[in-house]
Each structure stands twice: as structure tokens, then as C-alpha cells.
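> Attaching a predicted model along with its sequence, questions to come.
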Amino acid sequence: MNTGFNRNAGHGNRGYAGAASSRQDRPRSGGGSSTIRFGQSNRFGGSGGGSGRPQFGGGNSRFGGGARRGAPKSFSDISRFVNKAAPDTAPAEKFVPTHRFVDFGFDARITNNLTAKGYINPTPIQDRSIPFVMEGKDVVGIANTGTGKTAAFLLPLINKAITDKNMRAIIMVPTRELAQQIAVELADFSRGLGIYSAVCVGGASIVPQMRDLRRRPQFVIGTPGRLKDLLDRRALVLSDFRIAVLDEADRMLDMGFIHDMKTILALLPSPRITLFFSATLSPDIEKLIGQFLREPVRVSVKTRDTSSSIDQDIVRVPAGKSKLDVLHDLLTQPDFEKVLIFGRTKHGVEKLSQVLNDRGFKSDSIHGNKTQVRRQRALDLFKRGHVQVLAATDVAARGLDIADVSHVINYDLPSSHDDYVHRIGRTGRAGKKGKALTFIE
């Protein structure tokens, strides 16, 4: 990865020391060296030892009266942010699939596309849910983030599209980025099959999307708000859609899409196949399931809230030092190579990215005030390693598959534990180790 920094400095196994003050090719904060310690048991609200250095640790700490306004009330126990990743020597429970992809009865061309991508054995959610989707059952699939939920519904639906030329499916997702990512996976899985899709999201011109819909694509992938706009313009007609997928449905509820979701589902013909896939299942989603699904098969392969491959800790901001300077000191450490930073507001995220650029870091941002083109460009630059830091609101917390994120930093606290789980799930993916840090002021 080329970030403009030399990454060859060594560091110890239990922390990092002095890299910011000893290196000439890194930006300086003027705050001296940064020493990061694990395993501190200080109570929240102190000065962190008065050293003026960022400190990690505090698994026994609790939020007290000093918690800032807007902090999530459910996070009274800071230990929820602290968890050591399982050591490499720890025996891992190996999943043995019941099927291979060739056993599902897919069209041979789908299997060939999977083989070309190196996919031989399905993940647990794919292994257990694909047979039910192939049978035409309604399915509620619950699995940890990064475990292949998208392929679990795309592959059997692509196969249906081959056997039934009139098949049309609508896929609702919470964010533009997830819609684009699903479209890319769909294109890869259906290469050479003559299957078309339309991506219908806000932040982009509606005119090309209306033109795409006139081609009657088999798959329409979109965010509920834009899909509702297209329905109102009569550019989207749902009478011949017999399959509906809600991916990350709980996040769509969190973002205020509940009425649009209900409107779209109510306009779909019956009988139909309805699929819900998510990492969490809220009471509101249970109500939707009861209202719109027919005797769904429930498939849950969720093992734990967060991956055992993610090393989680807190970062205390000492008295007399700004949170920005503490972040600066962290980003100068040699292993902070590809860092995803989450903030609470669009304005705050944009400002943070600009300040980091001013300080010499290669940074970009992604949030709701950016057009889809600019958001996609920032995401692509981050994926390809052209920027070291991507500052983001929670639009980047769900479903996005970004390889080799070294660190996720919660610069602002998430609004719920579920959001925390999804944020840190952007690191430690595909069996690799990752680190998640949460700032505590």
C-alpha cells in the first residue's frame, strides 16, 4: 500500500512507543511521543495517569456523570469495548459444510463462475439457507457480518432467473454503497448469463435509473427512499415482482425507512418469496416478518456478537490533550495502514477528514451529504490503498466488504451496541486479524 509513509518501523507486541517523535517522514503533532498501554483498570473520568499520552485499557471501567451528551445509554459498561482477539494458537472450531456449491443444483455456468472466483465450499449461512431459497420458501437468515449473506440469496435467485425468464426480484438495502456492492457480486456470479440489474439509489440522477428500469431488468437493487420515488413517478411497477429481499433490514428501520419498506412490500403481489437477511433481528423486524412473510424458515448461524479475530480496546483521552491530537499520534504508528474512522455526524466526519489531510495524512470521507459518485470514488480510493484513512458515518457500517482494514476507530461512540458490532465488523474479515478502538473522553 502506498500511503506516502514508510511503514518499516518495528513495534512491540503489547503496544507502540515513540514512533511519532522518532520518524522524519511522518507528520508531527507537536505533542511529543505516544505511548499506548493495554490493560489499564483506571476509572473513567480520570486523567489517564496524567501523562498526556493516549492509553488503552479499562475493561472494568464504567461511564459516569462525565459521559458526553449523546453517548449511548446502553453502553454503561466500557468493558463491552474491550476484548482480546483469540491467539493464533487457540484451537478453532472448524465448520464442515453439508454441501459444496456443486451440490445445490445450480446451472453449470453459475458453478463455473464460482469456481473461477475460487469458491468451492459455502459458508454456514449459505450452506443452510440456499436449499430453502431454492425450494421457494420464505427465509429469515441471521448471521454475523462478513459471512456471505449476499451470496446466500443471490446465487439461488440467479439460478431461478435462468430457469424462469419472467422472474423479477427487488432487493432493498439501507445504503447506496451496499446496493452497488450487491450489483457487482451479481455481475460476477452471473457472468455470461445475460442477466441484467438496475441500481436505484439516492444521491445519483434518477433519469438513468428510470431508463434502466425500462429494460425490465430481472433484479432491481435499491434503497427504499429512491424506490418509493420511482414508484411515485410510475417508473417502477411492482405487479410482476414475485421475489423480495430485505438485506440489513434492521438498519433500514434505524434510518427511518419503515414506512417506505411497508409501502413497497404491500404493493408486491401475492404469493411471492420474501427473504430477510441480517446480522441482527430487532422487535420491529419481527413485526414486519409476521406481517409480510408466509411461515418463514428461520436460519441462524450467528455465533457471537463480534468476531474472535478482532482485538477490541478503548483509547482514553487524557486531560489537557485534544481527541484530535490523540488520533494523530495513533495514525503515525506503523501498523495503522488502512484505517476506517467512524463519526456521528456528516459535518463532523467531513471536517475530520479535511483536518487529517491538512496534517499530512491521506484521507477521504463518506457520508450522506456527498453525491453517490463522490462516495463511490472515496470508497474505491480506500479499497485500493490510495488513501490511508476513510472517515465515515454509519453508512459504511453495514454490509460493505473492504479487504484488509487494519483498524476501525470509533472516534464518536455509536448509538447502539448493534451499530458498534457492525462498525467493527469492517476489520478482522476473511480469517484475518483486526483491531477496533473506541475513544473515551
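Arrived safely, thanks for sending. Residues are numbered from 1 along each chain as shown.
> shaky segments in the protein?
Scanning the chain with the threshold set as pLDDT under 70 gives 1-80, 84-94, 145, 303-308, 397-400, 430-431.
> mind listing the helices for the stretch 251-400 of the chain?
In the stretch 251-400 of the chain, the helices defined using DSSP state H, counting those that start in this stretch lie at 258-267, 283-292, 323-331, 346-358, 372-383.
> possible to save those helices as TSV with distance to P224?
All C-beta spots, glycine's among them, are computed from the backbone N, C-alpha and C. Putting the helices of the stretch 251-400 of the chain into TSV (distance: least, C-beta to C-beta, whole Å) gives the following:
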stretch	distance to P224
helix 258-267	4
helix 283-292	12
helix 323-331	34
helix 346-358	19
helix 372-383	16
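> what would these look like in CSV with mean neighbour count and distance to S190?
Converted to CSV, those look like this (neighbours: other C-beta atoms under 10 Å; distance: least, C-beta to C-beta, whole Å):
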stretch, mean neighbour count, distance to S190
helix 258-267, 16, 24
helix 283-292, 14, 27
helix 323-331, 22, 40
helix 346-358, 18, 35
helix 372-383, 18, 21
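> and of these, who's closest to M134?
In terms of C-beta to C-beta, the element of those nearest to M134 is helix 283-292, at 20.6 Å.
> name the helices or strands packed onto the closest one?
Here helix 283-292 touches helix 249-254, helix 258-267, strand 273-278, going by 3 or more C-beta pairs under 8 Å, 6 or more residues apart in numbering; DSSP states H and E.
> swap the cut-off to 7 Å and go again
helix 249-254 (3 or more C-beta pairs under 7 Å, 6 or more residues apart in numbering; DSSP states H and E).
> can I assume P414 is in contact with I424?
No: if you go by C-beta atoms under 7 Å, P414 and I424 don't touch, sitting 9.2 Å apart.
> ok, those two, which is more surrounded?
The neighbour comparison of P414 against I424 (other C-beta atoms under 10 Å) goes to I424, with 32 against 23.
> any idea how far the more buried one is from I171?
With distances taken as C-beta to C-beta, to the nearest Å, I424 is found 25 Å from I171.
> follow-up on the earlier one: looking at the helices of the stretch 251-400 of the chain, which is closest to A179?
helix 372-383 (9.4 Å).
> what angle sits between the closest one and helix 346-358?
50 degrees (axes from the mean of the first three to the mean of the last three C-alpha atoms, to 10 degrees).
> What helices and strands are in contact with helix 372-383?
helix 176-189, strand 363-366.
> let's see 6 Å
Where contact means 3 or more C-beta pairs under 6 Å, 6 or more residues apart in numbering; DSSP states H and E, helix 372-383 is packed against strand 363-366.
> Show me the contact partners of the strand it packs on.
Residues from elsewhere that reach strand 363-366, judged by C-beta atoms under 6 Å, 6 or more residues apart in numbering: 349-350, 353, 356-357, 375, 378, 381, 387, 389-392, 396.
> before we move on, what about stretch 229-241?
R168, I170, C200, M210, L213, L267, L268, P269.
> Just give me the neighbour total for the spatially closest residue to the first one that is not a sequence neighbour.
When you say that, I think you mean R168. Distance criterion C-beta to C-beta, 6 or more residues apart in numbering; nearest residue to R168, sequence neighbours excluded, is F241 at 4.7 Å. By other C-beta under 10 Å, 20 other residues sit near F241.
> Now do F241 against N159, distance only.
Separation of F241 from N159 (C-beta to C-beta) stands at 18 Å.
> now do M167
Separation of M167 from N159 (C-beta to C-beta) stands at 10 Å.
> same check, this time on N166
In terms of C-beta to C-beta, N166 sits 15 Å off from N159.
> More neighbours: these two, which one.
Using other C-beta under 10 Å as the criterion, N166 and N159 rank with N159 on top: 24 against 9.
> Which single one of the contacts of strand 363-366 is nearest to A403?
Nearest to A403 out of those is L390 (C-beta to C-beta; 13.1 Å).
> which ones are touching the closest one?
Contacts of L390 by C-beta under 6 Å, 6+ apart are L340, D364, F382.
> Give the bridge partners for the nearest residue to the last one once chain neighbours are set aside, please.
Closest residue to F382 apart from its sequence neighbours, by C-beta to C-beta, 6+ apart: L390 at 4.1 Å. Per DSSP bridges, the residues bridged to L390 are L340, D364.
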